[in-house]
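In: structure of the sequence below:
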Amino acid sequence: MPFFGIGKFSCSGSRNEPKEISVLNYSHNNLTYVPEEIILHERSLEELFLDANRINELPRWLFQCYGLRILCLTDNEFQALPPAVANLINLENLDISKNDIREIPDTIKCCKKLSVFEASVNPIGRLPEGFMMLVYLKELYLNDTFLEYLPSSFGRFWK
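Out: Residues are numbered from 1 along each chain as shown. Purely as a prediction, here's the structure:
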């Protein structure tokens, strides 16, 4: 299974130690699951690209990659963003566009560093109240969604 690791590499003494990889790109690989070898880089991984695959579920262990800053899940078959997204406290850019996600968990509020959120082309009906706690959010993309509800404080959010 091909993948491209770009980023920091350590030249430590042992050949058995995993290399420190900060970027993994599994885009356009026709994957149906998240590759388990990603967890080998949980301490150093900062950017993960899983776009344009056929993945329909995110494993729990993925949310142990606490250093993730960029997570691109666009154009897959996800129906849910797990509440465990709250563990990704360093996340700055989250792209879940072009999936089948109906709801954003309220736990998204724990991703306090989030500055870009892309969720276009999903049947999302509402944004959770916790969304208003994302004070660093600069870019919000919700094109082609089914939004019927915005939190009451949404208007003040963008001032």
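In: surely residue 30 meets residue 55?
Out: No - the criterion here is C-beta atoms under 8 Å, and residue 30 misses it with residue 55 at 10.0 Å. Placement of C-beta: from N, CA and C, glycine included.
In: more neighbours: which of those two?
Out: Higher neighbour count among residue 30 and residue 55: residue 55, with 21 against 8, using other C-beta atoms under 10 Å.
In: surely that one and residue 78 touch.
Out: Yes - counting by C-beta under 8 Å, residue 55 does reach residue 78; the two are 6.9 Å apart.
In: and stretch 75-93, end to end?
Out: 16 Å (C-alpha to C-alpha, to the nearest Å).
In: how far is it from where the chain is centred?
Out: Relative to the centre of its chain, stretch 75-93 is centred 4 Å away, using C-alpha atoms, centre = their mean, to the nearest Å.
In: ok, residue 58 to residue 138 distance?
Out: 25 Å (C-beta to C-beta, to the nearest Å).
In: between the two, which one's more packed in?
Out: Using other C-beta under 10 Å as the criterion, residue 58 and residue 138 rank with residue 58 on top: 20 against 10.
In: excluding chain neighbours, give the residue nearest to that one in space.
Out: Excluding the flanking residues, the one nearest residue 58 by C-beta to C-beta, 6 or more residues apart in numbering is residue 82, at 5.7 Å.
In: how close does residue 38 get to residue 122?
Out: Counting by C-beta to C-beta - residue 38 and residue 122 are separated by 23 Å.
In: same drill for these two, tell me which one is more crowded.
Out: Neighbour totals were compared for residue 38 and residue 122, and residue 122 leads with 25 against 19 (other C-beta under 10 Å).
In: Provide the count of other residues in contact range of residue 88.
Out: 24.
In: ok, now which ones touch the nearest residue to it once chain neighbours are set aside?
Out: Spatial nearest neighbour of residue 88, chain neighbours left out: residue 68 (5.3 Å); criterion: C-beta to C-beta, 6+ apart. Residue 68 makes contact with 45-48, 88, 90-91, according to C-beta atoms under 8 Å, 6 or more residues apart in numbering.
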